[in-house]
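> Got a sequence here, can you model it:
(3 chains)
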Amino acid sequence: MAQMQPDRVALIWFRQDLRLADNPALTAAVAAGQSILPLYVLDDDAAAPWQTGGAHRWWLHHSLRSLAASLRKFGAPLLLRRGSAAAIVPEMARAVGAAEVHAGTLPEPWARAQAAAVAAALGDIPLRLHRASTLFDFDSIKTKTGGVYGVYGPFAKACHARGDIAPPLPTPDRIDPGPAQPSDDLDSWGLLSTKPDWAAGFRDTWTPGEAGAADRLTRFMAGPVCGYDIGRNVPGKHLTSMLSPHLHWGELSPAQVWDAAQKAGSGPAHDVFNGEILWHEFSAYLLWHFPHLPEKPLRPDFARMQWRDDTASLRAWERGQTGVPIVDAGMRQLWQIGWMHNRVRMITASFLVKHLLVSWQAGEAWFWDTLVDGDLAANSASWQWIAGSGIDSQPFFRVFNPVTQGEKFDAAGAYVRRWVPELAALPDRWLHAPWTAPADVLARADVALGDTYPKPLVDLAAGRDRALAAFKTMRQVA
DNA sequence: TTTTGAGTTGTTCGA
DNA sequence: GTCGAACAACTCAAA
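Residues are numbered from 1 along each chain as shown, chains lettered A, B, ... in the order given. Sure thing, here's the model as predicted:
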């Protein structure tokens, strides 16, 4: 008969790594303890002002439910607590006599501060942080002179040159539960939106959780990835991976995606997809090294930029009522399913920042609140990119023409007709610029501009000129 | 230290 | 319709 020993308990603090496979924190916790305690803490105060956005909370609710179900199969209930992680994690660790706490590293400034506070409050109990959300350690990718990359190309080249992406870890064979602890009821957190039109559109589109993520990945790698270099630009078809929300919550890891892409094949399309994974990586890297990325322009001269304070235009943009079809289609898709096709994100963002001359921070805030994949790194890096205030140095001639873009990437009009049904009867030729259509064409399509569909908020040529002039002025004021 | 080549996703104009 | 050049000058990364 073996001598009875006190359980060695390890606590895993789940953050944005809501999965069991390829989870180094979980694997380490299982290795470190005879029994483990899985915990998730909803800590809105720590994340302010970047706490989980409205649409995003819907996802979190379902993802936590999924994770809890997976853990229950091991007999290890997921403990849910709401409040300050710096108080709750140490309290629980002490209550069960935990030997170690394991968690994933995150690039968000608030999350770094939160982890530091937890580590300090834990005192003697070590907090072990693991790389769980990226392919590489942020501090390990440096230029030849030890600097931080500020251009994507050389960064990606450096990533490829390393060639040391480890294969994904398997799901642990067993997870023995630690001592019982009190847990909140997930429903009591009220994460589900009270807006009825959200839930319906979201449910039809998404399956949050590790299994849903794996399924999405499998389906993408079985087909669309092979034509990704071209297909990713066609918003009327489902040829992008749609993995972003799953990646944000860590329902699958970049290493798993990378691994699946390698196994799916090689060629130009796969190269483009791999590049997108590295863009995801680069965004997190930038946020890590430039913590002010979500608030302040990376390029200092943009502090002088004279953005227009135009609430009416901003509201029209948010609601998909700008009178520019592809812009409105994108904004309505965003509202209804919490996601927008990447090509259209660029078009809508460019329209706000350039044609309407409204600050990128205003657009960033709306996306943050409405995207299910709202990721602080990707969202702020991308908005800065489109505004021209971030990395990449050719912003001046990049004013997307939403009509040209629509005709080029939604030539058959499937996307606009899907999301702006009041224009559905317009012939292709006029669909992307209804204000240029002859009166009889509009009448036959039951379109009354200014009535059934708005007139364009700005003249596109005038808006473009105004933007170029504003950017020029910004540079001249020295 | 200085030099060199290049910079995710575009548009417009004129030949 | 198609194609190449222009669109500012600057910054980055490496040689």
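
> Please report how far the closest residue to residue A:457 other than its chain neighbours lies from residue A:458.
In space, and not counting its chain neighbours, residue A:457 is closest to residue A:322: 4.7 Å by C-beta to C-beta, 6 or more residues apart in numbering. Yep, even glycine has a C-beta here, placed from its N, CA and C like the rest. Distance, residue A:322 to residue A:458, by C-beta to C-beta, to the nearest Å: 8 Å.

> Same check on residue A:54?
Distance, residue A:54 to residue A:458, using C-beta to C-beta: 28 Å.

> Could you do residue A:102 as well?
Distance from residue A:102 to residue A:458, counting by C-beta to C-beta: 52 Å.

> try residue A:357
9 Å.

> burial measure for the closest residue to residue A:193 other than its chain neighbours, as a count.
Sequence neighbours aside, residue A:58 is the residue nearest to residue A:193 in space, at 5.4 Å (criterion: C-beta to C-beta, 6+ apart). Residue A:58 has 23 neighbours, counted by other C-beta atoms under 10 Å.

> Residue A:58 should be in a helix, yeah?
Yes: using DSSP: H, G, I helix; E, B strand; the rest coil, the assignment for residue A:58 is a helix.

> isn't it right up against residue A:338?
Yes: between residue A:58 and residue A:338 there is a contact under C-beta atoms under 8 Å: 7.3 Å.

> Check the contact lists of those two and give me the overlap.
Contact criterion C-beta atoms under 8 Å, 6 or more residues apart in numbering; residues shared by residue A:58 and residue A:338: A:198, A:202, A:372.

> For the stretch 251-400 of chain A, list the residues in contact with DNA strand B, please.
Residues of the stretch 251-400 of chain A lying near DNA strand B by C-beta under 7 Å from any atom of the strand: A:275-276, A:279, A:342-343, A:346, A:382, A:385, A:391-394, A:397-400.

> Generate a ChimeraX selection restricted to the buried subset of these.
Remark: buried members of those, expressed as a ChimeraX selection using 16 or more other C-beta atoms under 10 Å:
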select /A:275,276,279,343,346,382,385,391,392,399,400
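
> Return the closest of the residues of the stretch 251-400 of chain A next to DNA strand B with respect to residue A:292.
Looking at those and their distance to residue A:292, the nearest is residue A:391, at 13.9 Å (C-beta to C-beta).

> Can you pull the phi/psi pair for the nearest residue to that closest one once chain neighbours are set aside?
In space, residue A:391 comes closest to residue A:150 once its chain neighbours are excluded; the distance is 5.4 Å by C-beta to C-beta, 6+ apart. The phi and psi torsions at residue A:150 (degrees, to the nearest 10) take the values phi -120, psi 10.

> Mind checking which of the residues of the stretch 251-400 of chain A next to DNA strand B are in helices?
A:275, A:276, A:279, A:342, A:343, A:346, A:382, A:385 (DSSP state H).

> any chance of these in TSV, with pLDDT and distance to DNA strand C too?
Formatted as TSV, those follow (pLDDT from 0 to 100; distance: C-beta to the nearest atom of the strand, whole Å):
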residue	pLDDT	distance to DNA strand C
A:275	96	16
A:276	96	19
A:279	96	14
A:342	97	23
A:343	97	20
A:346	96	17
A:382	96	18
A:385	94	13
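
> Residue A:322 and residue A:458: who's more crowded?
Neighbours were counted for residue A:322 and for residue A:458 using other C-beta under 10 Å; residue A:322 has more, 25 against 18.

> Is that one in contact with residue A:328, as I believe?
Yes: contact criterion C-beta under 8 Å: residue A:322 and residue A:328 qualify, at 5.7 Å.

> ok, residue A:475 - how many residues close by?
Neighbours of residue A:475 using other C-beta under 10 Å come to 12.

> in the helix or strand hosting it, what's buried?
According to DSSP states H and E, residue A:475 maps onto helix A:460-476. By 16+ other C-beta under 10 Å, the buried positions in helix A:460-476 come out as A:460, A:463, A:464, A:466, A:467, A:471, A:474.

> Tell me the secondary structure at the residue in the stretch 101-250 of chain A that DNA strand B sits nearest to.
Going by C-beta to the nearest atom of the strand, DNA strand B is nearest to residue A:153 of the stretch 101-250 of chain A, at 3.2 Å. Three-state assignment for residue A:153 (three-state DSSP): helix.

> Now do the same contact list for it.
Contacts here follow C-beta under 8 Å, 6+ apart; on that basis residue A:153 touches nothing.

> Could you give me the buried positions within the lowest-mean-pLDDT helix or strand in chain A?
In chain A, no helix or strand scores lower on mean pLDDT, DSSP states H and E than helix A:196-205, which sits at a mean of 82. Buried residues in helix A:196-205, defined by neighbour count with 16+ other C-beta under 10 Å: A:198, A:201, A:202.

> where does the stretch 151-300 of chain A have low pLDDT?
Low-confidence segments of the stretch 151-300 of chain A (pLDDT under 70): A:194, A:196-197.

> one more time with 90
Scanning the stretch 151-300 of chain A with the threshold set as pLDDT under 90 gives A:163-166, A:193-201, A:300.

> Start from the N-terminal end of it and give the helices.
Chain-ordered helices for the stretch 151-300 of chain A, with DSSP state H, counting those that start in this stretch as the definition, fall at A:152-162, A:196-205, A:210-221, A:228-231, A:244-248, A:254-264, A:268-289.

> ok and the third one relative to helix A:268-289, angle-wise?
With axes from the mean of the first three to the mean of the last three C-alpha atoms, to 10 degrees as the criterion, the two stretches helix A:210-221 and helix A:268-289 enclose an angle of 140 degrees.

> cool, the second one as well?
Put simply, helix A:196-205 runs at 130 degrees to helix A:268-289, going by the same axes, to 10 degrees.

> For helix A:196-205, name the packing helices and strands.
On a contact count with 3 or more C-beta pairs under 8 Å, 6 or more residues apart in numbering; DSSP states H and E, helix A:196-205 meets helix A:54-73, helix A:325-337.

> Past the longest one, which element shows up next along the chain?
Read it as helix A:54-73. Going down the chain from helix A:54-73, the next helix or strand is strand A:79-82, by DSSP H and E.

> contact partners of that next one?
With C-beta under 8 Å, 6+ apart as the test, strand A:79-82 has contacts from A:37-43, A:64, A:68, A:88, A:92, A:181-186, A:189.

> What pairs with it, parallel or antiparallel?
strand A:35-42 (parallel) (DSSP bridges).

> what's the partner strand in contact with?
Contacts to strand A:35-42, defined as C-beta under 8 Å, 6+ apart, come from residues A:7-15, A:18, A:26, A:29-30, A:64, A:67, A:71, A:76-83, A:85, A:88-89, A:92, A:96, A:98, A:175-179, A:181, A:189.

> I'd like to know which of those are buried.
Among these, those classed as buried by neighbour count (16+ other C-beta under 10 Å) are A:7, A:9-15, A:18, A:26, A:29-30, A:64, A:67, A:71, A:76-81, A:85, A:88-89, A:92, A:96, A:98, A:175, A:177-178, A:181.
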